[in-house]
Structures are given as C-alpha cells and as structure tokens.
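Chemist: give me a model of this one.
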Amino acid sequence: MIGANDLLPVAHTQKPYGVRGELLLLFRRSEYAELDADYYFLEIDAIPVPFRVEEFTFVTDTTARVKLEDVDDEQTAARFSRLEVLLPRELVLSAGEQEDTDWRFFLGFTVTDQHGKTLGVIEEVDDATINVLFIVREDDKEHLIPATDDFIAAVDERSRILEMYLPEGLIEE
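Modeler: Reported below is the predicted structural model:
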C-alpha cells in the first residue's frame with residue numbers, strides 16, 4: 001500500500017475543461033508535466049486516491065488537460081478541482097536529475113541537529129521566494145530552516161533522517 005510519504009506533490013487541479021470531464025492541471029515544474037504517468041493520485045480529504053489517466057494534452061510547458069478514468073462530465077470534474085496532484089516519489093525523483101535540488105524530496109524526513117537533538121519532521125517546503133525553507137514541526141513547535149546544501153551534514157534515506165549542521169541562534173530553545 002502506498003503511504004503519504006511515498007508520494008510527492010507535482011501539481012494542482014484547476015477548473016474543469018469542456019464537457020467531457022477533463023481537468024486542467026498546473027504543474028509545479030515543467031519536468032513534472034513531462035513524466036509519463038499512468039496514474040495520478042488526487043489528495044481527497046487528506047487521502048491519496050489513484051486515478052488512471054485516459055488522455056493527456058499539453059497546453060503550456062506547465063499546464064495540461066487531463067482526462068481521468070470514470071470522470072466523464074463537467075459536474076464530476078468540478079468535484080475534483082483545486083486538489084493536490086501527487087506522484088510516487090521514485091518517479092518524481094527520476095525527473096530530478098536537473099541542476100537544482102527539489103527540496104520536496106525531504107518531506108517526511110526527521111531533522112536532527114549537529115548535537116543529535118531531534119527538531120521535528122519536515123512537513124512542508126516553502127519555495128515561494130528564492131530562499132527555500134523547510135517547515136519543521138514537532139508537537140507545538142515550528143522551525144523555519146533554510147533548505148541549503150551548506151547546512152546538510154548527512155542524509156539517511158532508509159531511516160528518513162536529515163542531519164543538519166545549524167548555526168548557533170538559528171533554532172531558539
């Protein structure tokens with residue numbers, strides 16, 4: 001069974017397109033639009049639900065019209081608008097051989113500092129500005145940590161642990 005940590009967000013559904021049940025998808029990166037996926041997972045009520053792709057037509061390099069199986073009219077398609085679109089982590093990472101790092105790879109990783117202290121789990125990546133941030137949460141604490149190779153000391157993919165060397169004062173106690 002596929003878990004939420006096995007999937008990465010690649011797009012959002014937009015409004016329905018036409019009367020055949022097509023949806024417009026807005027991809028986060030053009031590389032994600034080019035992935036050859038038989039299924040997309042739509043996040044419905046925080047549960048990833050798979051849908052087989054029947055047709056896929058590029059509109060721009062980051063936008064496509066997609067016809068999903070069993071979505072055959074505009075009313076049904078409207079129920080699936082404004083949802084997160086997910087793909088398996090392995091498929092997304094295969095497209096990640098580009099120059100810049102896709103920091104979403106680290107979603108779900110536990111962050112520890114250079115002293116071995118657990119800071120929490122990376123629940124979000126804020127890439128709205130040029131300075132990308134990991135949003136790390138543990139219980140009622142939230143830490144904003146710059147996502148930069150300079151701070152990463154070690155990555156344990158099997159245990160999903162990201163060890164970071166953080167400057168003094170970055171994380172307040």
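Chemist: strands of the chain, start to end?
Modeler: Assigned by DSSP state E, the chain shows strands spanning 7-17, 22-27, 39-44, 47-58, 63-68, 84-88, 110-112, 118-126, 133-138, 141-146, 152-156, 161-164.
Chemist: and of the ones you listed, who's closest to residue 103?
Modeler: strand 118-126 (4.8 Å; Cβ to Cβ). (Glycine included, C-beta is placed from N, CA and C.)
Chemist: domains for this protein, by residue range?
Modeler: 4-94, 103-164 (automatic domain parsing).
Chemist: what about the closest residue in space to residue 11 that isn't next to it in sequence, how many residues nearby?
Modeler: Using Cβ to Cβ, 6 or more residues apart in numbering and skipping the chain neighbours, the partner closest in space to residue 11 is residue 85 (3.9 Å). Residue neighbour count, defined by other Cβ atoms under 10 Å, stands at 25 for residue 85.
Chemist: next one: residue 114
Modeler: By the criterion of other Cβ under 10 Å, residue 114 has 12 neighbours.
Chemist: for residue 125, see how far away it is.
Modeler: 22 Å (Cβ to Cβ, to the nearest Å).
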